[in-house]
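S.K.: Attaching a predicted model along with its sequence, questions to come.
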Amino acid sequence: MTKIRCAIVGVGNCAGALYQGIHYYRDKNGDDAVGLMHWDIGGYKPFDIEISAAFDIDARKVGKTIDQAVFAPPNCTTVFQPDLPGSETLVRMGKILDGVSAHMLEYEPAFSFLPAKLPEPEKEDVISVLKDTGAEVLLNYLPAGSEEATRFYAECALEAGVAFINNIPVFIASDPAWEKRFKEKNIPLIGDDIKSQLGATILHRALAELFSKRGVKLNRSYQLNTGGNTDFLNMLNQGRLSTKRISKTEAVQSAAAKRLADRDIHIGPSDYVAWQKDNKVCFLRMEGQIFGDIPINLELRLSVEDSPNSAGIAIDTIRCCKVALDRKVGGVLEGPSAFFSKHPPRQYSDHQAYQMTEDFIKDQ
């Protein structure tokens with residue numbers, strides 16, 4: 001099979017885990033490839049992905065090759081593939097817009113970002129890079145709250161004829177206007193807001209559905225998360241979290257038997273703890289009633305390395321987009337969006353979304 005040429009916006013921890021994973025699985029096979037939901041999608045293996053272009057705004061990454069940039073500060077995810085082959089793909093200066101919160105400058109560069117003092121590209125520049133590098137898929141890994149910047153890159157993808165995967169909680173795939181534009185141009189789109197392989201949201205959804213199927217009335221619930229990566233540091237700015245809270249809350253509400261009142265459900269980032277680095281800790285509580293209206297309370301603590309937890313999902317979304325391109329299928333990929341994203345255009349149960357994705361992969 002040919003390589004899947006992929007461009008990335010935001011060379012942070014998630015991009016770093018994805019890039020490591022592409023090379024980590026190069027020496028594996030379908031039988032020993034732990035951590036992947038699919039070894040083969042449409043004939044494409046994980047290592048058939050090639051990063052052909054990348055954009056960032058941190059001085060420690062811009063101008064470096066992608067294999068160097070993924071290990072540059074403030075990235076702090078676990079290094080599980082330290083020996084990366086040299087790459088000719090340079091990280092280019094990206095468009096800033098609202099892609100960074102001003103409070104990030106108040107922290108030590110080791111934890112925050114160091115702004116690159118270089119000219120920002122115009123839309124035509126980004127489109128030219130995508131075309132010149134042969135990019136087929138563009139992944140959005142900007143920080144939460146990057147509304148203008150996300151729309152800028154989605155526009156670039158549309159004009160360059162490149163599939164777009166929106167991994168963050170800015171509404172593109174779930175916005176009817178954007179959904180229509182990608183459909184009209186027959187360009188694949190997956191989003192919004194990537195789910196982790198086994199993270200807080202997918203676990204919370206599974207438990208909400210379990211309550212429903214077992215006849216347990218769910219009365220109230222919270223999900224609190226802490227972490228020490230730049231994603232959590234960025235989210236200290238509460239003004240950037242409105243769509244993030246909507247995305248995570250709706251993902252759980254849609255799996256419950258009955259919607260909870262706003263006062264009875266609280267889901268979202270809680271705090272930044274620098275020493276946790278890329279480790280995310282979730283505290284989840286669900287209160288309900290069983291037979292005879294007897295109370296039942298469930299409390300759970302999940303600790304997981306945040307960025308690798310989403311990288312396996314990203315590898316599948318990239319290959320699904322490539323399969324859609326091969327089949328000349330455009331618009332929102334409904335099954336993959338529902339299965340891989342927290343806030344797709346239409347919510348389905350995880351079982352339905354899984355089956356829709358398997359049917360898409362098998363072209364049924």
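M.R.: Thanks, I have it.
S.K.: got a list of what Met286 touches?
M.R.: Leu207, Ala208, Phe211, Leu218, Arg220, Ser221, Asn297, Leu298 (CB atoms under 8 Å, 6 or more residues apart in numbering). Glycine gets a C-beta too; all of them are placed from N, C-alpha and C.
S.K.: neighbours around Asp293, how many?
M.R.: With neighbours defined by other CB atoms under 10 Å, the count for Asp293 comes to 7.
S.K.: Tell me the buried residues in the helix or strand bottoming out on mean pLDDT in the chain?
M.R.: One helix or strand of the chain scores below all others by mean pLDDT, DSSP states H and E: strand 265-272, with a mean of 89. The neighbour-count criterion (16 or more other CB atoms under 10 Å) identifies Ile265, His266, Ile267, Gly268, Pro269, Ser270, Tyr272 as the buried residues of strand 265-272.
S.K.: swap in stretch 11-20?
M.R.: Val11, Gly12, Asn13, Cys14, Ala15, Gly16, Ala17, Leu18, Tyr19, Gln20.
S.K.: next one: stretch 217-228
M.R.: Result for stretch 217-228 [16+ other CB under 10 Å]: buried residues Leu218, Asn219, Ser221, Tyr222, Gln223, Leu224, Asn225, Thr226, Gly227, Gly228.
S.K.: mind exporting stretch 21-30 as CSV, just the C-alpha atoms?
M.R.: Extracted in CSV, the C-alpha atoms of stretch 21-30 (Å, rounded to 0.1, in the frame of the first residue of the first chain):
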residue,chain,number,x,y,z
GLY,A,21,3.5,4.9,17.8
ILE,A,22,3.8,5.0,14.0
HIS,A,23,7.4,3.8,14.4
TYR,A,24,6.8,1.6,17.5
TYR,A,25,4.4,-0.7,15.6
ARG,A,26,6.7,-0.9,12.5
ASP,A,27,8.3,-4.1,14.0
LYS,A,28,5.0,-5.6,15.2
ASN,A,29,2.4,-7.7,13.6
GLY,A,30,-1.3,-8.2,14.0
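S.K.: Residues contacting it, please?
M.R.: Stretch 21-30 is contacted by residues 33, 36, 39-40, 45-47, 49-51, 80-81, 84-85, 308, 311-312, 315 when judged by CB under 8 Å, 6+ apart.
S.K.: One more pass at 7 Å, please.
M.R.: Ala33, Trp39, Asp40, Pro46, Phe47, Ile49, Phe80, Gln81, Leu84, Pro85, Ala311, Ile315 (CB atoms under 7 Å, 6 or more residues apart in numbering).
S.K.: For Ile49, see how far away Val170 is.
M.R.: Computed with CB to CB, to the nearest Å, the distance linking Val170 and Ile49 is 23 Å.
S.K.: quick one on the thing from earlier: farthest-separated two in the contacts of Met286?
M.R.: By the measure CB to CB, Ala208 and Asn297 form the most distant pair in the contacts of Met286, at 14.7 Å.
S.K.: For those two, work out which one has more neighbours and name it.
M.R.: Ranked by neighbour count (other CB under 10 Å), Ala208 and Asn297 place Ala208 first, with 23 against 9.
S.K.: tell me the contacts of that one?
M.R.: Counting by CB under 7 Å, 6+ apart, Ala208 has contacts Leu218, Val252, Ala255, Ala256.
S.K.: Now restrict the residues you listed to buried residues only.
M.R.: Buried among the contacts of Ala208 (16+ other CB under 10 Å): Leu218, Val252, Ala255, Ala256.
S.K.: Now the third one: phi and psi?
M.R.: Backbone torsions for Ala255, taken as degrees, to the nearest 10, come to phi -90, psi -10.
S.K.: wait, doesn't it sit right on Leu207?
M.R.: No - the criterion here is CB atoms under 7 Å, and Ala255 misses it with Leu207 at 8.5 Å.
S.K.: How much space separates Ile190 from Met356?
M.R.: 13 Å.
S.K.: tell me the SS of Leu138?
M.R.: At Leu138 the chain is in strand, as set by DSSP: H, G, I helix; E, B strand; the rest coil.
S.K.: Then Phe71?
M.R.: Strictly by three-state DSSP, Phe71 counts as coil.
S.K.: Report the contact partners of it.
M.R.: Neighbouring residues of Phe71 by CB under 7 Å, 6+ apart: Gly16, Val79.
S.K.: swap in the one 5 residues further on?
M.R.: With CB under 7 Å, 6+ apart as the criterion, the residues that contact Cys76 are Asn13, Asn229, Lys277, Asp278.
S.K.: Burial check on the third one, number of neighbours?
M.R.: For Lys277, the neighbour count with other CB under 10 Å is 20.
S.K.: That one and Gly227 touch, don't they?
M.R.: No - at 8.0 Å, Lys277 does not count as touching Gly227 under the criterion of CB under 7 Å.
S.K.: I'd assumed Ala149 was in contact with Val170.
M.R.: No - Val170 is beyond contact range of Ala149, at 8.5 Å (criterion: CB under 7 Å).
S.K.: For these two, indicate the residue with more neighbours.
M.R.: Val170 (28 against 24).
S.K.: Make sure that one is indeed in a strand.
M.R.: No - secondary structure of Val170, determined by three-state DSSP: coil, with no strand assignment.
S.K.: does Phe113 belong to a helix or a strand, and which?
M.R.: Phe113 belongs to no helix or strand when assigned by DSSP states H and E.
S.K.: that older thread, then the helix or strand just after the least confident helix or strand of the chain to CSV, C-alphas only?
M.R.: Per DSSP H and E, the first helix or strand lying C-terminal to strand 265-272 is strand 279-290. In CSV, the C-alpha atoms belonging to strand 279-290 read as follows (Å, rounded to 0.1, in the frame of the first residue of the first chain):
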residue,chain,number,x,y,z
ASN,A,279,-0.5,11.5,33.6
LYS,A,280,-4.2,12.2,33.9
VAL,A,281,-6.2,11.3,37.0
CYS,A,282,-9.9,11.1,36.8
PHE,A,283,-12.2,11.1,39.9
LEU,A,284,-15.7,9.9,39.0
ARG,A,285,-18.7,9.6,41.2
MET,A,286,-22.2,8.3,40.3
GLU,A,287,-25.2,8.4,42.7
GLY,A,288,-28.3,6.4,42.1
GLN,A,289,-31.1,4.2,43.3
ILE,A,290,-31.6,0.4,43.0
